[in-house]
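> Got a predicted structure here, sequence first:
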Amino acid sequence: MADCKSRRTMGERRIEHPLFAALYDRFMPDRFLIGPHREYLAADLSGRVLDLGAGTGAMIPYAADAGDADLEYHAVEPDPNMRRRAAGTAERSDVQVHLRDARAESLPYADDAFDAVLSSLVFCTIGDPDAALEEVARVLKPGGELRFLEHVRNDGWRARAQDRLNPVWERAAGGCQLNRETVERFVGHDAFDVLELERVSVGVFPVTPIVRGRLRRRRDPSLSIDQ
Ligand SMILES: C[S@@+](CC[C@H](N)C(=O)[O-])C[C@H]1O[C@@H](n2cnc3c(N)ncnc32)[C@H](O)[C@@H]1O
């Protein structure tokens, strides 16, 4: 089940990629390749969870399977074509999904609102990833987790090839950037401790490498040790 609310700031460019949304599930090698990593993101979820850039709602069935009975699942998705599909996925699932039209850079939630934030293949597409990470740090409770699965910039000639391909790729793939240094961005942020970080063996060039991990929101950003 889903409840949707509209929210848009004046002057923002609309995020709308109808063809990308229509083809997304067909081309996502989900069940066998990405599925185990979605299970990793969803493992033992409990409390209030936010799915950032939910897309077609691919994470929802995994959260419904693996999450606690008390799970309160929230999701933001700014593209109406994706959001409509996520609402359909939510209707078919056993978990109630509070789905909103919002962007990661400006989350419509109070400080310390969530026990976990899920980011699955989203930081490649967000317009302002630094602002989005600030928002994730703000809405996570101290001790809460950012769990992510992201493709990132490669090394050497592959990175240079990604840089060249990127202008065409971003047009074809709903704004996705091949060459974001997302791990450096995450690890370098002083609001988080790294709990796990792992390169996973899925993905085909130019969408490699793919990295998954868990970061914990520090209780005191000035301390770099786990609390
Ligand atoms: C590659 S899809 C991933 C969808 C889903 N998380 C998954 O795992 O399949 C990226 C999604 O991020 C959404 N997106 C784009 N800009 C965003 C933003 N500023 N804030 C939140 N989501 C955004 C896109 O509309 C798209 O649905």
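Happy to help now that I have it.
> Spit out the contact partners of the residue in the chain positioned nearest to the ligand.
Nearest residue of the chain to the ligand, counting by Cβ to the nearest ligand atom: Gly55, 2.4 Å away. For every residue, glycine as well, the C-beta is placed using N, CA and C. Counting by Cβ atoms under 8 Å, 6 or more residues apart in numbering, Gly55 touches Ala21, Tyr24, Glu77, Met82, Arg85, Ala86, Ser120, Leu121, Val122.
> Would you mind checking those residues for buried ones?
Burial by neighbour count, judged by 16 or more other Cβ atoms under 10 Å, picks out Ala21, Tyr24, Glu77, Met82, Arg85, Ala86, Ser120, Leu121, Val122 from the contacts of Gly55.
> circling back to that earlier point, keep only those of the contacts of Gly55 that are in strands.
Counting by DSSP state E, the contacts of Gly55 place Ser120 in strands.
> any chance of the contacts of Gly55 in a markdown table, plus pLDDT?
What follows is the contacts of Gly55, written out as a markdown table (pLDDT from 0 to 100):
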| residue | pLDDT |
| --- | --- |
| Ala21 | 94 |
| Tyr24 | 90 |
| Glu77 | 98 |
| Met82 | 97 |
| Arg85 | 97 |
| Ala86 | 98 |
| Ser120 | 97 |
| Leu121 | 97 |
| Val122 | 98 |
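> Which ones among the buried ones among the contacts of Gly55 map onto helices?
Mapping these onto helices (DSSP state H) picks out Ala21, Tyr24, Met82, Arg85, Ala86.
> so the third one makes contact with Leu23?
No. At 11.6 Å, Met82 does not count as touching Leu23 under the criterion of Cβ atoms under 8 Å.
> The ligand next: which of the ones in helices among the buried ones among the contacts of Gly55 are close?
When contact is defined as Cβ under 6 Å from any ligand atom, those meet the ligand at Met82.
> can you tell me which two in the ones in helices among the buried ones among the contacts of Gly55 are farthest apart?
Tyr24 and Ala86 (10.7 Å; Cβ to Cβ).
> and the biggest helix by length in the chain with the ligand, contact?
If you go by DSSP H, the chain has its longest helix at helix 156-172. No. Helix 156-172 does not reach the ligand (Cβ under 6 Å from any ligand atom); its nearest approach is 11.4 Å.
> What residues of that helix count as buried?
Arg158, Gln162, Asn166, Trp169.
> The closest residue to Gly203 other than its chain neighbours: neighbour count?
Of all residues not flanking Gly203 in the chain, Ile210 sits nearest, at 4.3 Å (Cβ to Cβ, 6 or more residues apart in numbering). By other Cβ atoms under 10 Å, 19 other residues sit near Ile210.
> And Ile210, its phi and psi?
phi -110, psi 140 (degrees, to the nearest 10).
> and it, what are its bridge partners?
His151, Val200 (DSSP bridges).
> So it sits against Arg153, correct?
No. Counting by Cβ under 8 Å, Ile210 sits too far from Arg153 to count as a contact (11.8 Å).
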